[in-house]
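Show me how the following folds:
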Amino acid sequence: MVPPETVSMTPGEEADPGPLVPVRALLAPPQAKVRASVVRLPGQWFIVADASELGRKPVPRMLLGTPLVLFRDGEGRPGALLDRCPHRNVPLSIGDVVEGQLQCVYHGWRFDGRGACRFVPSLIGEPGGKARNATSFATVEQDGFIWVYSTPGEEPTSLPYRFPQLGEQGYTSVRRRVESESTMHAALENALDVPHTQFLHRGLFRSNTRGIQITANVQRSRDRVVAEYVGEPRPSGLVARILSPSGGLVTHFDRFILPSIAEVEYRIGTENHFLVSAAMTPVSDFLTHIYAVVSFRVRLFPGWLLKPFLMPLGLRVFAQDAAILKLQTQNIQRFGGEQYASTEIDVLGRHIWRLLKKAERGDASGGDEVHEEQVTLLV
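Model (predicted):
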């Protein structure tokens, strides 16, 4: 569960006892066991760049606090190496791409997309020797993004997440990258949290509670947790009114999918469909990049007509979330760590945390076991 907090657990469910990352107390409010919801996830795919960012020059990036350098080889394939030349440890990202190989600016050593040292100027014979190779990370270009596998030197057995509806006929899709100065867990919980929308996003997505009781049916399985909200009216905010002026029956799903995907899906009536898919990348402990794809289909208006109106509103929602998460992070650090109190209407946070901690431990137990619960809340 989200540390440290008190929350009622469903009978038969055990609290996750896994240790958390300690954070040094910076001030002297009441002493508490200070912890932060930070995870390091091995063997997972994360987006590190939009494919269009990768051209003729190497691009520096950071993943889980590890400096990387991205480049394209002679055939245009992306590669990711540790941003450190094995020779004298100069950053490779300040070098150049020469004949499809990444060349260090200091002594001119060259490396291919898998990190193999292919050329050492002035050296007679082949470069040879594994110690002269750069550390490499598996890399895939998919859906217009560059994905990197978080464990170096491994061959992944699966491909990254696919963005639903991207490029599908009848849908308009928009992609944006936004930044959250927070832990990845905090950004994920925020993206999938219903109660805050009527306050932080008042007027844009929801207004003050109308006292309507809805039910969240929650299912947690091995690699995801899904909340289906039943009995929900069309949200009263401006975004929902644009998408469906006449209202209609609402189907609403919120999903977290390991390692870092948040999906918010609305269907209003039979022909209006709105899906936000956000792939979150933990740049460092308290910096998360969010690669969002928004896909929508609306009965009354063509997508090209709605896009100029919806995008500024969507970016405003993202900006509000980013601002509050930055303030949350600053205050957590100011007081030396998280000290959360939760209720049952914080629907998905503790489930997300449980799945993240299992993934961090490499725990594949649970199989097809499904945990289910119901939560009632007012909107």
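
Could you give the number of residues near Pro58?
For Pro58, the neighbour count with other C-beta atoms under 10 Å is 23. To be clear about C-beta, it is placed using only N, CA and C from the backbone, and glycine gets the same treatment.

Phi first, then psi, for it.
phi -70, psi 150 (degrees, to the nearest 10).

And it, how far from Asp50?
Applying C-beta to C-beta, to the nearest Å, the value for Pro58 to Asp50 is 16 Å.

ok, now Glu75?
On the measure of C-beta to C-beta, Glu75 and Asp50 end up 20 Å apart.

Could you chop this structure up by domain?
45-149, 172-378 (automatic domain parsing).

ranking those by mean pLDDT, which is last?
Set side by side, the domains of the chain give their lowest mean pLDDT on domain 172-378, at a mean of 88.

Can you tell me which residue is spatially central in the protein?
Met280 (1.2 Å; C-alpha atoms, centre = their mean).

how about that residue, secondary structure?
Per DSSP: H, G, I helix; E, B strand; the rest coil, the local secondary structure of Met280 is strand.

Correct me if wrong: it contacts Ser260.
Yes - applying C-beta atoms under 8 Å, one finds Met280 in contact with Ser260, separated by 4.2 Å.

Mind listing the shared neighbours of the two?
Shared contacts of Met280 and Ser260 (C-beta atoms under 8 Å, 6 or more residues apart in numbering): 184, 188.

and the gap between the residue nearest to the centre of the chain and Asp73?
In terms of C-beta to C-beta, Met280 sits 28 Å off from Asp73.

Now do the contacts for Arg56.
Arg56 makes contact with 72, 97, according to C-beta under 8 Å, 6+ apart.

next one: Ile94
Applying C-beta under 8 Å, 6+ apart to Ile94 gives the contacts 58, 105.

State the phi and psi torsions of it.
Main-chain torsions, Ile94, degrees, to the nearest 10: phi -90, psi 10.

So for Val39, which of the domains of the chain sits nearest?
Val39 lies closest to domain 172-378 among the domains of the chain, at 4.5 Å (C-beta to C-beta).

Straight-line length of the closest one, end to end?
32 Å (C-alpha to C-alpha, to the nearest Å).

again with stretch 104-115
Criterion C-alpha to C-alpha; first-to-last residue distance in stretch 104-115 is 12 Å.
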